[in-house]
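J.: kindly return the folded structure for what I paste below:
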Amino acid sequence: MREPIYLDHNATTPVHPAVLEAMLPYLREHFGNPSSGHIFGRRARSAVELARSQVASLLACHPEEVVFTSGGTEANNLAILGTVDPAAGRRHVVTSSVEHPATERPCERLQRHGAEVTRLPVDACGRVELAAAHAAVRADTALVTVMLAQNETGTLMPVAELAAIARGHGALVHTDAAQAVGKIPVRVEELGVDLLSLAGHKLYAPKGVGALYVRSGVPVSPVLLGAGHERGVRPGTENVASIVGLGAACALAEATLAAETERQLELRDRLWTVLRSAIPGIRLNGHPTERLPNTLNVSFPGTRGSTVLAAAPEVAASTGSACHEGGERPSAVLTAMGLDPATALGAVRLSVGRSTTREQIDLAAHALLRAWRAVSAPA
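T.: Have a look, this model is predicted:
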């Protein structure tokens, strides 16, 4: 039996062969602790620092501004909980109504400890409303944290504009860029952010590794306590092999970004063209142009997205973010955009990647079309 066509790259990506090759020596012979002073430790330390420079190059920042973490979730927690102290100084946080739980849950914790959190609404395309941001950010705002690309719809947020608003009030700016890094150009100076999170497994590195960009001079208190690793911001012996993999993935992304972006955009639009032409009433969810080049979120009319996918075993996709699947409740992201529950329940997220081919897109489109016709046909 053929493997299903994988169209769930926003959930996770396979480890790229070049990334695996870079990692293997650090899973075998180069096993030293980077904190050790002998040759084994120095080899490991050199590998970590090379990876740090590779991440920094992709983000166009200084290597010393990159802090390695266990993934995007830890990076978000560190950025938010490490910069806002509700018991001292500024205690207001501004975020959006469509954040990933890795941002929303730390904000909820701050709220329970005395912070005030404002959640900005989004428009029908899923973009944060800048007028609401102008009204929300104020003199006691400590942090504005809004994701760069929405993980379910792919909609790109106006982070640079939000950062300008925040800077006008002296607030720090954080963006969860896990879905964006490696898919579109992400440069911290152009965005104007102070903190930026990324996750290795979203850009062909392994799971369990990520990084937080921290602008030079921005104070971040550690969330974990231990020794002084990562300049005291993130204690714990470095996961050398995975860090090497993250560095290699960032180097690969930087070398191929323009061509791969164009290729995936063509595949995404090819898939949408087939579905739109054959299914009356199918709906595109997300911004028509300000969207990740690989992401297509559509609502199938007259049925549930989960029902369509169950009838199309040839396609591996998602009805929403893989991080909060498991129920048949409408997506909170889609309902925040104004979709009614039935339309939101009809949604399927289709995300292409480096391994996706035109042939696969055509096969997937026709499999989804057959499935929709089968499940929506009158009994």
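
J.: which parts of the longest helix belonging to the chain are buried?
T.: Counting residues, the longest helix found in the chain (DSSP state H) is helix 240-278. With burial defined by 16 or more other Cβ atoms under 10 Å, the residues of helix 240-278 counted as buried are 240-254, 257, 260-261, 263-265, 267-268, 271-272, 274-275. Using the backbone N, CA and C atoms, a C-beta is placed for each residue, glycine as well.

J.: in the protein, which spans are helices?
T.: Counting by DSSP H, residue ranges of the helices within the chain are 17-23, 39-59, 72-81, 101-112, 130-136, 159-167, 188-191, 240-278, 305-310, 332-336, 341-345, 358-376.

J.: now mean pLDDT and distance to Val209 too, for these, in CSV please.
T.: Below are these laid out as CSV (pLDDT from 0 to 100; distance: least, Cβ to Cβ, whole Å):
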stretch, mean pLDDT, distance to Val209
helix 17-23, 98, 10
helix 39-59, 97, 9
helix 72-81, 98, 10
helix 101-112, 97, 15
helix 130-136, 97, 32
helix 159-167, 98, 23
helix 188-191, 98, 19
helix 240-278, 98, 4
helix 305-310, 96, 30
helix 332-336, 95, 26
helix 341-345, 95, 33
helix 358-376, 97, 28
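
J.: run a quick neighbour tally on Asp8.
T.: 19 (other Cβ atoms under 10 Å).

J.: next one: Ala131
T.: Ala131 sits with 10 neighbouring residues when counted by other Cβ under 10 Å.

J.: measure it to Met157 for me?
T.: For Ala131, the distance to Met157 (Cβ to Cβ, to the nearest Å) stands at 15 Å.

J.: same question, Gly72
T.: With Cβ to Cβ as the criterion, Gly72 and Met157 are 16 Å apart.

J.: quick one, which of the helices of the chain is packed in tightest?
T.: Most buried of the helices of the chain by mean neighbour count (mean count of other Cβ atoms under 10 Å) is helix 72-81; its value is a mean of 26.

J.: now for it, which elements pack on it?
T.: strand 66-69, helix 101-112, strand 141-145, strand 172-176, strand 195-199, strand 210-214 (3 or more Cβ pairs under 8 Å, 6 or more residues apart in numbering; DSSP states H and E).

J.: which one of the ones you listed lies nearest to His229?
T.: Shortest separation from His229 across those is recorded for strand 66-69, at 8.7 Å, computed as Cβ to Cβ.

J.: coming back round to it: which other helices and strands contact the longest helix of the chain?
T.: Using 3+ Cβ pairs under 8 Å, 6+ apart: helix 240-278 touches helix 17-23, helix 39-59, strand 295-299, helix 358-376.

J.: distance to Glu65 for those - can I get that in a markdown table?
T.: Converted to a markdown table, those look like this (distance: least, Cβ to Cβ, whole Å):
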| stretch | distance to Glu65 |
| --- | --- |
| helix 17-23 | 22 |
| helix 39-59 | 7 |
| strand 295-299 | 28 |
| helix 358-376 | 38 |
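
J.: closest to Arg105 out of those?
T.: Each of these has some distance to Arg105 by Cβ to Cβ; the shortest is strand 295-299, at 22.9 Å.

J.: show me what contacts Ala51?
T.: Taking Cβ atoms under 8 Å, 6 or more residues apart in numbering as the contact definition, Ala51 lies against Phe68, Ile243, Val244, Leu246, Gly247, Ala248, Cys250.

J.: the residues you listed: which two are farthest apart?
T.: Pairwise distances across these (Cβ to Cβ) peak at 13.9 Å, for the pair Phe68 and Ala248.

J.: still on that earlier bit, export the helices and strands packed on helix 72-81 as a markdown table, with columns for distance to Gly182.
T.: Listed next are the helices and strands packed on helix 72-81 as a markdown table, based on distance: least, Cβ to Cβ, whole Å:
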| stretch | distance to Gly182 |
| --- | --- |
| strand 66-69 | 15 |
| helix 101-112 | 18 |
| strand 141-145 | 21 |
| strand 172-176 | 14 |
| strand 195-199 | 8 |
| strand 210-214 | 12 |
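
J.: returning to what we had before: now the longest helix of the chain, how far from the centre of its chain.
T.: On the basis of Cα atoms, centre = their mean, to the nearest Å, helix 240-278 sits 13 Å off its chain's mean C-alpha point.

J.: tell me the angle it makes with helix 39-59.
T.: With axes from the mean of the first three to the mean of the last three Cα atoms, to 10 degrees as the basis, helix 240-278 and helix 39-59 are set at 30 degrees to each other.

J.: need the contacts of Ala51 in CSV (columns: distance to Ala136).
T.: CSV is the format used below for these (distance: Cβ to Cβ, whole Å):
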residue, distance to Ala136
Phe68, 32
Ile243, 37
Val244, 41
Leu246, 34
Gly247, 37
Ala248, 40
Cys250, 33
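
J.: looking at those, spot the one nearest Ser197.
T.: The nearest one, if we look at the contacts of Ala51 relative to Ser197 and count by Cβ to Cβ, is Phe68, at 11.8 Å.

J.: and that closest one, how far is that from Leu369?
T.: Phe68 sits at a distance of 44 Å from Leu369 (criterion: Cβ to Cβ).

J.: go on, Asn297?
T.: Look at Asn297 and Leu369: by Cβ to Cβ, they are 17 Å apart.

J.: what does Glu254 give?
T.: Applying Cβ to Cβ, the value for Glu254 to Leu369 is 37 Å.

J.: next: Thr83.
T.: Per Cβ to Cβ, Thr83 is found 48 Å from Leu369.

J.: same deal with Ser306?
T.: When Cβ to Cβ is applied, the distance between Ser306 and Leu369 equals 17 Å.

J.: over to Thr69?
T.: From Thr69 over to Leu369 (counting by Cβ to Cβ), the distance is 42 Å.

J.: kindly report the same for Arg45.
T.: From Arg45 across to Leu369, the span is 54 Å (Cβ to Cβ).

J.: return the member of the contacts of Ala51 nearest to Asp194.
T.: Using Cβ to Cβ as the measure, the one of the contacts of Ala51 that approaches Asp194 most closely is Phe68, at 18.1 Å.
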